[in-house]
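Trainee: sequence plus the predicted model coming up.
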Amino acid sequence: MSPAEVETLPPGGADALRRERCRGLLAEARERTLRIVAPVHEADMNRVHDPLMSPLVWDLGHIAAYEELWACQRVGGLEPLHPELSEVYDAAETPRTARGETPYLRLDEALEYMDVVRERTLAALAASDLSGGSHRLSREGFVWEMLIQHEHQHNETMLQTLRLAEPGVYRPRSRPMPAPSDASGPEMVLVEAGPFPLGAGMERFAYDNELPQHEVSLPAFELDRTAVTNGAFREFVESGGYRRRECWSEPGWDWRCEAGVERPLYWTDDGRERIFHRVEQLADELPVMHVSWYEADAYARWRGKRLPSEAEWEKAASWEPEAGAKRRFPWGDDPPSRVRANVDQTGFRPAPVDAHSDGASAYGALGLIGDAWEWTASDFGPYPGFEAFPYREYSEVFFGSGHKVLRGGSWATRAHTIRNTLRNWDLPGRRQIHTGFRCAADA
Ligand code: AVJ
Ligand code: FE
């Protein structure tokens with residue numbers, strides 16, 4: 001079965017179908033992981049490219065260790081292959097800054113470990129009861145979907161590392177992107193006041209932090225129709241926005257002074273932008289990317305706007321006011337296709353912010369899914385009634401620690417793993433993530 005066929009099988013299908021679907025998605029995830037790193041030299045796999053990131057080979061070992069823990073040990077009841085490594089690959093035990101010094105497996109050993117684990121995983125999958133009965137971990141194939149999406153998420157992390165690496169370490173070939181749209185539209189779209197259900201329903205896989213779905217009522221607001229562009233952000237830079245104290249929050253100003261930041265991470269001082277190994281003229285129509293939450297917040301204030309809350313973002317992306325129904329993606333429930341959104345990594349760059357007119361939300365907002373993650377005003381925290389599942393370190397330990405919520409995925413996010421309800425998070429001073437933003441205003 002091709003990944004596309006696997007994808008379209010009904011989630012409520014028989015056990016055998018569901019098992020086949022998981023097998024297909026696991027294999028496809030691994031193909032992608034290996035394809036991303038295939039052109040990287042061994043020395044560059046083992047090296048720390050940036051103090052914020054793990055060596056790439058750590059991600060490989062960690063993907064396998066995570067799979068071994070959940071599939072082989074928890075579901076399959078097997079003993080670990082390398083008990084001495086469990087701490088090394090536990091993201092909570094070994095923070096990224098310490099990963100350069102730990103005895104993680106080097107490239108050949110890591111690849112071998114991935115293969116051995118995968119074999120055991122497939123045996124555990126073959127023997128598992130996917131309808132799951134009383135075991136929440138395997139019910140509806142939860143644990144398998146968790147492994148697939150975990151590997152997908154680490155693919156994006158690895159692309160962050162590769163983008164941070166010295167020019168030449170990685171030379172991906174970008175796919176040509178669609179042209180900017182020639183249709184014009186309003187600067188902002190209006191979202192009427194009223195309630196909508198925030199969070200994921202129970203019919204598909206969701207992380208604990210997307211649950212439970214609950215009604216939230218919002219006052220009317222306006223949201224930028226597209227993400228903020230390089231061209232618009234350049235106006236902020238050129239008007240001295242980085243030097244104007246009044247545009248910045250207090251922690252934002254401290255961050256900006258301490259970091260000595262004057263422009264987005266990959267902009268050069270001669271008005272160009274580095275995308276992996278290439279330095280290009282800054283393209284005005286692309287979304288501004290690799291800005292911190294503080295920079296996004298300062299830009300919004302300078303425009304007389306603000307960042308949207310995550311509830312505002314999700315309502316604008318998912319709510320269909322006429323039908324009173326919630327959409328899985330801005331355009332509806334069909335999975336992302338190339339005409340609707342720029343996701344799934346192999347483009348290696350964002351498209352012009354209004355290029356995907358078929359991806360509009362019910363309110364007419366474009367590009368909510370794909371191209372760039374979007375910072376929101378919201379702190380990462382639990383929805384009312386939150387229950388950690390299946391482990392506290394996925395979400396709960398990050399609540400209340402100053403992380404800001406990001407929504408919508410980027411060109412570097414796997415299509416299978418993005419949805420309107422997905423919550424990502426990072427610290428407000430971080431710029432390595434593939435993120436931009438759009439602004440909101442009270443109506
Ligand atoms: C949701 C992207 C913030 O990378 O820390 C990967 C995803 N969790 N392994 C992260 C994750 C465990 C997580 N983010
Ligand atoms: Fe992980």
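Mentor: Good, I have the coordinates. Ligands and ions are numbered 1, 2, ... in the order given.
Trainee: secondary structure element for the residue of the stretch 151-300 of the chain found nearest ligand 1, which one?
Mentor: Proximity of the stretch 151-300 of the chain to ligand 1 (CB to the nearest ligand atom) peaks at residue 153, 4.5 Å away. In this view, the C-beta of every residue, glycine as well, is placed from N, C-alpha and C. In the assignment (DSSP states H and E), residue 153 maps to helix 142-164.
Trainee: helices or strands up against that helix?
Mentor: Contact analysis of helix 142-164 by 3 or more CB pairs under 8 Å, 6 or more residues apart in numbering; DSSP states H and E lists helix 15-37, helix 56-67 as its packing neighbours.
Trainee: pLDDT on the shortest one, on average?
Mentor: Per-residue pLDDT over helix 56-67 has a mean of 97.
Trainee: what's it in contact with?
Mentor: Outside helix 56-67, the residues that touch it by CB atoms under 8 Å, 6 or more residues apart in numbering are 33, 37, 40, 44-46, 49, 54, 82, 85-86, 88-91, 99, 102, 104-107, 110-111, 113-114, 117-118, 121, 147, 150-151, 154, 157-158, 161-162.
Trainee: quick check on these: which are buried?
Mentor: Buried members of the contacts of helix 56-67, scored by 16 or more other CB atoms under 10 Å, are 33, 37, 40, 44-46, 49, 54, 82, 85, 88-89, 91, 99, 102, 104-105, 107, 110-111, 113-114, 117-118, 121, 147, 150-151, 154, 157-158, 161-162.
Trainee: for the longest strand along the chain, buried residues please.
Mentor: Ordering each strand of the chain by length in residues (DSSP state E) puts strand 373-379 first. Neighbour counts over strand 373-379 (16+ other CB under 10 Å) mark 373-378 as buried.
Trainee: which positions in the chain make contact with ligand 1?
Mentor: Within reach of ligand 1 by CB under 6 Å from any ligand atom, the chain has these residues: 91, 150, 153, 157, 394, 424-425.
Trainee: dump these to CSV, plus pLDDT.
Mentor: Supplementary listing: the residues of the chain next to ligand 1 in CSV, determined by pLDDT from 0 to 100:
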residue, pLDDT
91, 79
150, 98
153, 98
157, 98
394, 96
424, 98
425, 98
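Trainee: just the closest of those residues to residue 414, please.
Mentor: residue 153 (8.0 Å; CB to CB).
Trainee: helices of the stretch 151-300 of the chain, start to end?
Mentor: Remark: helices assigned in the stretch 151-300 of the chain by DSSP state H, counting those that start in this stretch are 230-238, 250-259, 293-302.
Trainee: what count of nearby residues applies to the closest residue to ligand 1 within the stretch 251-400 of the chain?
Mentor: Nearest to ligand 1, among the residues of the stretch 251-400 of the chain, is residue 394, at 5.9 Å (CB to the nearest ligand atom). Applying other CB atoms under 10 Å, we find 17 residues neighbouring residue 394.
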